[in-house]
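Engineer: Generate coordinates for the sequence data below:
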Amino acid sequence: MADLESSFRTATLLGTGIAAAFSNRFYWNHVPDAVTYPIIKAQTVTDNANDTHSSKWGGRANIQLDVYDDDKSGCNANAALVRSWLHNYKGVMGDYRVMIKVRNFPSTYEDEARLYRRMLEVEILYFE
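Structural biologist: Numbers count the residues shown, from 1 in each chain. As a prediction, the model looks like this:
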């Protein structure tokens, strides 16, 4: 899965406006201390390398993306950038042919972190 994760990160940051909004601030599983916002934090929820639903696709991965920002409108706008780039994406990511669907969830405010978060659930069907 590490190669798919790296390819997914690279392809996400190539989206129109995404590099301008996030620069290189896309992190897997752990966000370093003292970052500048907005950021994308990603985690792989599931990865089934051998899809068993009689399709031509080799695997199915579910990735949770959390877009964080210090203001709600920025958080929502940046999540919309990511979603519009990834939703219905069909093409090549690294060594994989992929098809992506994205589900959007409401924004929330995290009191302890004093940040807004918008979660995107990403489903990737992939074939090497």
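Engineer: Only C-alpha atoms from now on, for both contacts and neighbour counts.
Structural biologist: OK.
Engineer: So, low pLDDT: which residues of the chain?
Structural biologist: Along the chain, the parts satisfying pLDDT under 70 run over 1-2, 49-57.
Engineer: Tell me how far the strand or helix carrying residue 73 lies from the chain's centre.
Structural biologist: Secondary structure from DSSP states H and E places residue 73 in helix 72-86. Distance of helix 72-86 from the chain centroid (C-alpha atoms, centre = their mean, to the nearest Å) equals 11 Å.
Engineer: Apart from its neighbours in sequence, what residue is nearest residue 65?
Structural biologist: Distances taken as C-alpha to C-alpha, 6 or more residues apart in numbering place residue 42 nearest to residue 65, at 4.5 Å, with adjacent residues excluded.
Engineer: Pretty sure the one you found sits against residue 28.
Structural biologist: Yes - Residue 42 sits in contact with residue 28 when judged by C-alpha atoms under 8 Å, with a separation of 4.8 Å.
Engineer: Between the two, tell me which one has more neighbours.
Structural biologist: Neighbour totals were compared for residue 42 and residue 28, and residue 42 leads with 23 against 14 (other C-alpha atoms under 10 Å).
Engineer: quick one: strands adjacent to the helix or strand hosting the more buried one?
Structural biologist: Using DSSP H and E, the element containing residue 42 is strand 39-48. Strand pairing for strand 39-48, using DSSP bridges, gives strand 26-28 (parallel), strand 59-69 (antiparallel).
Engineer: Contacts for that strand, please.
Structural biologist: With contacts defined as C-alpha atoms under 8 Å, 6 or more residues apart in numbering, strand 39-48 is touched by 1, 22, 25-31, 59-69.
Engineer: let's see it at 7 Å
Structural biologist: When contacts are defined by C-alpha atoms under 7 Å, 6 or more residues apart in numbering, strand 39-48 is touched by residues 22, 25-29, 31, 59-69.
Engineer: Just the buried residues from the residues you listed, in PyMOL please.
Structural biologist: Selection of the buried residues among the contacts of strand 39-48 in PyMOL, burial being defined by 16 or more other C-alpha atoms under 10 Å:
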select buried, resi 22+25+26+27+59+60+61+62+63+64+65+66+67+68+69
